[in-house]
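> Need coordinates for the below:
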Amino acid sequence: MRSKKLLIVSPFPNDQDLYPHLKYLIDELSVHYTIDYFYMEERGLWIENIIYDVIRKGKIYSSLKRLYILTKDVFRLHKIKLGKTKYDAVVAVDNFLYVLSSFILKQEVVLWSHDLLGYDEPRNYCRTAFIHRVIAKFTRKSLAKNKKLIIQDKERLDFLLESIGYKGTLDNVFFLPVSLPPIQVPKKELKSKAKVPTLMQSGSIASWRGSDDLIQYHQQNFDKFDLFLHGFISDEIQELLGKVEVLPLISSFKVLPDKVPQLIQLCDIGFINYAVEDLNHFYTSNASGQFVEFIRCGKPVIVKGHTNLQQYVEEKKVGVSIISIDELASAIQKIKTHYSEYSYNCIKIFEKSYDIKNYTEKLIVYLEKENSSYESPTYQLTRYF
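I've put the predicted structure just below:
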């Protein structure tokens, strides 16, 4: 019997920096499929730079280099089409690669939406915005043919459909929140014993994540909490750290996804802040890998920034939301006072909504369900130029 084959077309290199939820889903699906992972460097979110670099910055070399990489990747994808391998399912991550895969491979492709350029972003109204309108229109056309989509939740589905101008409803949708496998949480971690709790921010440590405000606040409140920063430290934050008197604990080395929980266990409370106020970052209640990492380990979270994750953590009693950084100390004290309850809720919510094993078998059935109405999409490029 022929082994079933799955092709994943992704803008993320398959290395130790691969998003944990993508890595673990591949691991889960590999039990059922032989998986080919096709990496394309261009995600589509910054494709306008091919033109923008020349128009605004005069960077002809960087523009040509980006165009060369894109052309090379398209050629490699064509080679897959011309090869002998037949795939039982093809999944493409985000709109741009979904359009290319549908057009080149000429078979049903499932869109797995992670992020998108929403209708609210200024880049939709600049001089190179026509590129994103083309991508949106082709995505809309491909969805109308393929009729299959994987996305985090209903809110992000509505946001996607409005952003690409999709009229009507899309019924054949698989809702897959950012999910991770469970871990064994030591019982002693269900209650914080620390007199001074440790607050942790992970991922990108940068101004757009509010790390600068967090570090500066810690300078005046170091007696109320210890600060632990883990992840990529941006240049502006490195400069700030060189000036502060009270240095937080810092970890900037890369760790494999299965080792991340060991770092999370060093803290008592997670800190999540999206200082970017676009809708793609607003709808994060089921799309935040940091959030899932923390609650999987039984760590309550404090959420700052304009996102629906703020309301979610309050409703589920897995954390506290704040508007201003000045509210941080009182939020820490509130969690510390009821730590056992918050921590218990974290684990229960993870087991119910974010355990990847709850979705794997259903996703396999979804991928193998034939779309009887599928027709290979065709595109008329000339109408847009």
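> pLDDT below threshold where in the stretch 251-385 of the chain?
Applying pLDDT under 70 to the stretch 251-385 of the chain picks out residues 370-385.
> the strands in it, which residues?
With strands called from DSSP state E, counting those that start in this stretch, the stretch 251-385 of the chain shows them at 269-274, 301-305, 319-322.
> would a markdown table of those strands with mean neighbour count and distance to Ser202 be doable?
No exception for glycine: its C-beta is placed from N, CA and C like everyone else's. Listed next are these as a markdown table, based on neighbours: other C-beta atoms under 10 Å; distance: least, C-beta to C-beta, whole Å:
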| stretch | mean neighbour count | distance to Ser202 |
| --- | --- | --- |
| strand 269-274 | 24 | 7 |
| strand 301-305 | 25 | 11 |
| strand 319-322 | 23 | 15 |
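> packing partners for the top helix by length along the chain?
Assignment by DSSP state H gives helix 60-82 as the longest helix of the chain. On a contact count with 3 or more C-beta pairs under 8 Å, 6 or more residues apart in numbering; DSSP states H and E, helix 60-82 meets strand 34-39, helix 49-55, helix 95-105.
> Could you rerun that using 10 Å?
When contacts are defined as 3 or more C-beta pairs under 10 Å, 6 or more residues apart in numbering; DSSP states H and E, helix 60-82 sits against strand 5-10, strand 34-39, helix 49-55, helix 95-105.
> Provide the strand pairings for the next helix or strand after that helix, with the direction of each partner.
Downstream of helix 60-82, the next assigned helix or strand under DSSP states H and E is strand 89-93. Partners of strand 89-93 in the sheet, by DSSP bridges, are strand 5-10 (parallel), strand 110-112 (parallel).
> could you dump those to TSV with mean pLDDT?
Shown next, in TSV, are the strands paired with strand 89-93 (pLDDT from 0 to 100):
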stretch	mean pLDDT
strand 5-10	97
strand 110-112	97
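> Ile356: what's its closest spatial neighbour, skipping adjacent residues?
Leaving aside its sequence neighbours, Ile356 sits nearest to Ser179 (C-beta to C-beta, 6 or more residues apart in numbering; 3.8 Å).
> Quickly note the distance from the one you found to Phe96.
Going from Ser179 to Phe96 by C-beta to C-beta, to the nearest Å gives 24 Å.
> returning to that earlier point: between the helices and strands packed on helix 60-82, which has the poorest mean confidence score?
Among those, helix 49-55 has the lowest mean pLDDT, at a mean of 68.
> Could you tell me the end-to-end distance of stretch 319-337?
12 Å (C-alpha to C-alpha, to the nearest Å).
> same deal with stretch 139-157?
End-to-end distance (C-alpha to C-alpha), stretch 139-157: 13 Å.
> buried ones in that stretch?
Residues of stretch 139-157 classed as buried: 139-143, 145-153, 155-157 (neighbour count, 16 or more other C-beta atoms under 10 Å).
> Narrow those to those in helices?
139-143, 145-146, 155-157.
> In contact with Glu327, which residues are there?
302, 304, 320-321, 334 (C-beta atoms under 10 Å, 6 or more residues apart in numbering).
> Show me the two of the residues you listed that sit farthest apart.
Lys304 and Lys334 (14.3 Å; C-beta to C-beta).
> Pull out the buried positions in stretch 69-82.
70, 73, 77, 80.
> what comes into contact with the one helix or strand Phe159 maps to?
Counting by DSSP H and E, the element that carries Phe159 is helix 154-163. With contacts defined as C-beta under 10 Å, 6+ apart, helix 154-163 is touched by 95, 111, 113-121, 124, 132, 136, 139-140, 143, 149, 151-153, 166-170, 173, 175, 177, 279-280, 282-287, 308.
> In ChimeraX, select just the buried ones from those.
If you want just the buried ones from the contacts of helix 154-163 in ChimeraX, going by 16+ other C-beta under 10 Å, the selection is:
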select :95,111,113,114,115,116,117,118,119,121,132,136,139,140,143,149,151,152,153,166,173,177,279,280,282,283,284,285,286,287,308
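> What's the first helix or strand after the one helix or strand Gln216 maps to?
Using DSSP H and E, Gln216 falls within helix 211-220. Downstream of helix 211-220, the first helix or strand assigned by DSSP H and E is strand 226-233.
> Next secondary structure element downstream of that following strand?
helix 235-241.
> ok, and for that next one, which residues are buried?
237, 240-241.
> that older thread, for Ser102, state which of the ones in helices among the buried residues of stretch 139-157 is nearest.
Nearest to Ser102 among these, with distances taken as C-beta to C-beta, is Ser142, at 4.3 Å.
> And the closest one, how far from Tyr98?
6 Å.
> Need the overlap of contacts for the two.
92, 109, 111.
> re the thing from before, among the strands paired with strand 89-93, which is nearest Ala206?
Nearest to Ala206, of all the strands paired with strand 89-93, is strand 5-10, at 23.6 Å by C-beta to C-beta.
> list the buried ones in the closest one?
Those buried within strand 5-10 under the rule 16+ other C-beta under 10 Å are 6-10.
> and the residues you listed, which two are the farthest apart?
Largest pairwise distance in the buried residues of strand 5-10, by C-beta to C-beta, is 12.0 Å, between Leu6 and Ser10.
> Please enumerate the shared neighbours of those two.
By C-beta under 10 Å, 6+ apart, the residues touching both Leu6 and Ser10 are 26, 37, 91.
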